[in-house]
Structure formats: C-alpha cells, structure tokens
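**Q** Sequence and predicted structure, then a few things I'm wondering about:
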Amino acid sequence: MLDYTLFLSLVVLVSVEHASLAPAPLQIVNEELTHTEAIRDVETPLNLTRTNFERLENLSNRSRYVARSCKEIMDRYDEREDGLYFLTTANGMVYQTFCDMTTAGGGWTLVASVHENTHYGGCTVGDRWSSQQGNNADLPDGDGNWSNRNTFGTAEGATSDDFKTPGYYDIVAEDMSVWHVPNNFPLEHWNLAAILRYHTSNRFLRLYGGNLFELFKRYPVRYNIGSCSERGPAVPIVYDHGDRESTKMFYGPKSRAESEPGFITFRPINNERAAMAICSGVKPNTGCHTEHVPNNFPVEHWNLAAILRYHTSNRFLRLYGGNLFELFKQYPVRYNIGSCSNRGPAVPIVYDHGDKESTKMFYGPKSRTEFEPGFITFRAINYQRAAMAICSGVKPTTGFNTETFASHSLNEG
C-alpha cells in the first residue's frame, strides 16, 4: 500500500429539532429511481436539455421559500431532497447553504466547514478559523471567528475553503452533525465521499444557547486560556457512517491512548496551551494530545477507510503471465521508455465502493479532461517521460497528466 496524506474538510451541520426517526425506506427507493432516471436522461440528448431546464426551474423555485433553517423548509414545504437551499435570518438576510434532508430524520443545516490543505501553513492567510496573522501570543484569540458574526466562503466550495454562514449564529438548534469529507469533493458527492459521518442526539445545544456561536462565547478558543482539564463539554455521538474503531485511527498513537472515541469535544487544550475549537470524534481523558492525524490505518480498517474500492473481472492477467511481476517485465517501468502512446493495457473495472464521478475528483483539473474513468492503466507515461506503474481508476485518452496515488491487491480468481 502506498502511503499518502489525506487532508479533510470538517463539515458541520445543526438540527433545530431532535430527530429520532430514520428516513423511510420508500424515500431511499425514490432517490435511487430518480438517480436512475437522471442517468437515462443524460444518455438521451433531447431528454438532457428538457430535464436540465426543469431541474434548474425547480432549484430556482427554492429561492421563494421563507425559513430560517432546513428543518423549517422540510416541515413547511415538504422538501426531502439533499442539496442547496436559501434561508433567511431573523433580520431578513438571505443566504444559500446545504441541507441534509435524509440523515436521522432530515432537516440538518450546514453552518460551517473547517478546511485544511497543509500541515505547514497554520495561522496563515486563509486559516479563518484560527488566525491569518501568524502564531502571535499578543493575539490570543486569533481571528475570533468561532464566537463572532463574520461569515465567509460558499456552500458549494465548502470542501475547498473555510465556510461560515449566518445560520452559525442565527439558528437556534438542538443537535449537531459532522461529516469528515476529503478536500475538493463537489457537493453532490459529500455523502458518498465522507470517511466519517455522525451526529449528536441528546439536544445538548439547548444547554449552551442553541448554537456554536453561543457555546464558544462560554468556552472561548483562546491561547493560554487554561490547562487540558479545563476543556468544554464532551457530547456523545451516533454514527451514520463509520464507528469508534475507525475514528481512533484518525489520531496519532499517543492521542489514541489518551482519548475515548464516540464524542465531540469542545474547546480541548493541548500541551502547548493552545485551545482547539473542536476535537471531533473523541473525548480526551488523560492527556493533552489533540492533533488530528488521518493516516496509518491498520489492516482491519482498510475496508471501512477506503475512499474507493474496485476490481477487474475479465481475467486480464491470464494474458500477461498471471501476475504483476510478469506484466511489468513486458511493460518495464523505466524513465524515457517512450511517449504516452506507449502505455500498457487499460483494463475496465467494477466498483465496490465509489463510482466514476468520485474517481475523477482524485485527479487535477487538467488531468480530468485527458482521461476516462473506470479503468486501471498500466505503465502510463507522463509529460516528463517518466513511466508510472499504475494509473489507477482511469485511462489516459489525450494527454500526459498521470499523477495520482492508489492501493492495489490481486485475486487469483
């Protein structure tokens, strides 16, 4: 398995009403039928034009809704589809955000996302939730955005940049949901791409003013605010995808020994006396190691942790000596072996988890226009005439942009 670092966006939603009912099976069936019909329409150009127009008209009609939360939209207008909606604050400000209308009864409103794209750029421009002014002990509150009314970002770009809506301080909520989504996934794939999804169910926000804005006024995220024993509340969670064991694997070895999974902890404080806003998924119990490290999954959690899983089914290895050893003797992975047209075989795949659209999101913008998803390509060659052993998930069609990462296994079949 090739090792890589996965940067995540923490997508935070709230619910104004305790939701104890699971979505009805009929709703799930209807969603699947709608998706199938949409695919069928895409394959027919005439239907594509008509369906897109009707779809845009339906989405446009959402701007007429008057509600302060997604729960109110669901109750007043009988909406059951996940997606973007318009909400209105108590002062009349209209804004757009994402509504999760299916998890745990639906009605969850996206109020914030916390995006990180590097281990080395802390407290620099773009780090709106901490500080854009560097690590400065003279500015212990950083930018203070956990407990002020600043807003930033867009709902559709919430996994590519920090995001905060007026709903963060305007909605009086009861519970909170968190999705761990890899960076840069488009909104329509968040649910599928999320490595973990969970929510609270005990209406804890009633005790802290009804939203995170009020909670963090009581528990300020401030440098040198206290010791690790002075953290905020630790609230138990219900898993929608994932479990306690997979949650533990997102933390470093020492942190795992000092924390208990199955909670959202507010305002934990680490060894350097720095207060973190949210320690998501765990409750520190003996120490102050709170760093989030999504890496080094043990073998027993590979299946759950995998963002994509697929296999070939055409017995192609029979043609190449029966294994990768023999295949790469026929197609050496060697610098300057040839041009991109000298690649090895491109073999179609069957998806076990994920799909062609989610596969495309693992490649850069230019690469996406130069390949076709749904294949494993052997001995792909890039612009620098470097041969890559496996271009996993795609088949290059016109260009040379082949950089990616992957994990591989074989079946004797």
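**A** Happy to help now that I have it.
**Q** Am I right that Arg72 is in a strand?
**A** If you look again at residue 72, you'll see it is Glu, not Arg. No - read with DSSP: H, G, I helix; E, B strand; the rest coil, Glu72 is helix and lies in no strand.
**Q** What about it, how many residues nearby?
**A** By the other CB atoms under 10 Å criterion, the neighbourhood of Glu72 contains 19 residues. C-beta here means a position set from N, CA and C on the backbone, and glycine is covered the same way.
**Q** Might you report the residue contacts of it?
**A** Val16 (CB atoms under 8 Å, 6 or more residues apart in numbering).
**Q** What is the least confident helix or strand in this structure?
**A** helix 25-42 (a mean of 34; mean pLDDT, DSSP states H and E).
**Q** So for this structure, which residue is the most central one in space?
**A** Most central in the chain under CA atoms, centre = their mean is Val181, positioned 1.0 Å from the mean C-alpha point.
**Q** Correct me if wrong: that residue contacts Leu192.
**A** No - using CB atoms under 8 Å, Val181 makes no contact with Leu192, being 9.7 Å away.
**Q** Quick check: which element contains the residue nearest to the centre of the chain?
**A** strand 175-182 (DSSP states H and E).
**Q** next structured bit after that strand?
**A** Toward the C-terminus from strand 175-182 - assigned by DSSP H and E - lies helix 190-193.
**Q** helices and strands around that following helix, which ones?
**A** strand 175-182 (3 or more CB pairs under 8 Å, 6 or more residues apart in numbering; DSSP states H and E).
**Q** Direction included, what does the strand it packs on pair against?
**A** strand 8-15 (antiparallel), strand 196-199 (antiparallel) (DSSP bridges).
**Q** would a markdown table of the ones you listed with distance to Phe371 and mean neighbour count be doable?
**A** A markdown table is the format used below for those (distance: least, CB to CB, whole Å; neighbours: other CB atoms under 10 Å):
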| stretch | distance to Phe371 | mean neighbour count |
| --- | --- | --- |
| strand 8-15 | 25 | 25 |
| strand 196-199 | 29 | 24 |
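**Q** out of the ones you listed, nearest to Glu326?
**A** Judged by CB to CB, the one of the strands paired with strand 175-182 that comes nearest to Glu326 is strand 8-15, at 38.6 Å.
**Q** what about stretch 224-231, average pLDDT?
**A** The average of the pLDDT scores along stretch 224-231 is 77.
**Q** I'd like the distance from Met176 to Ala386, if you could.
**A** Applying CB to CB, to the nearest Å, the value for Met176 to Ala386 is 46 Å.
**Q** Comparing the two, which residue is more hemmed in?
**A** For Met176 and Ala386, the more surrounded residue by other CB under 10 Å is Met176, and the numbers stand at 26 against 16.
**Q** The more buried one: what's it in contact with?
**A** Contacts of Met176 (CB under 8 Å, 6+ apart): 12-15, 199-200, 204-205, 212, 235, 264.
**Q** ok, 10 Å please
**A** Each residue near Met176 by CB atoms under 10 Å, 6 or more residues apart in numbering is listed here: 12-15, 108, 111, 198-201, 204-205, 211-212, 215, 235, 237, 264, 266, 278, 280.
**Q** Now, of those, which are buried?
**A** Applying 16 or more other CB atoms under 10 Å to the contacts of Met176, the neighbour count classes 12-15, 108, 111, 198-201, 204-205, 211-212, 215, 235, 237, 264, 266, 278, 280 as buried.
**Q** wait, which of the strands paired with strand 175-182 is closest to Arg273?
**A** Of the strands paired with strand 175-182, nearest to Arg273 by CB to CB is strand 8-15, at 22.5 Å.
**Q** if I read this right, Val11 contacts Ala194, doesn't it?
**A** Yes - contact between Val11 and Ala194 holds when scored by CB atoms under 10 Å: they sit 7.7 Å apart.
**Q** Report the separation between Lys164 and Ala387.
**A** Taking CB to CB, one finds Lys164 at 45 Å from Ala387.
**Q** what do you get for Leu205?
**A** 55 Å.
**Q** how about the strands in the stretch 301-413 of the chain?
**A** 309-311, 346-348, 350-353, 371-381, 387-396 (DSSP state E, counting those that start in this stretch).
**Q** now what about the second one, what contacts it?
**A** Under the criterion CB under 10 Å, 6+ apart, residues 310, 312-314, 316-317, 319-320, 371-372, 374-378, 380, 391, 394-397 lie in contact with strand 346-348.
**Q** so how many other residues sit close to the closest residue to Val11 other than its chain neighbours?
**A** Using CB to CB, 6 or more residues apart in numbering and skipping residues adjacent in sequence, the residue nearest Val11 is Trp179, 4.1 Å away. When neighbours are defined as other CB under 10 Å, Trp179 has 28 of them.
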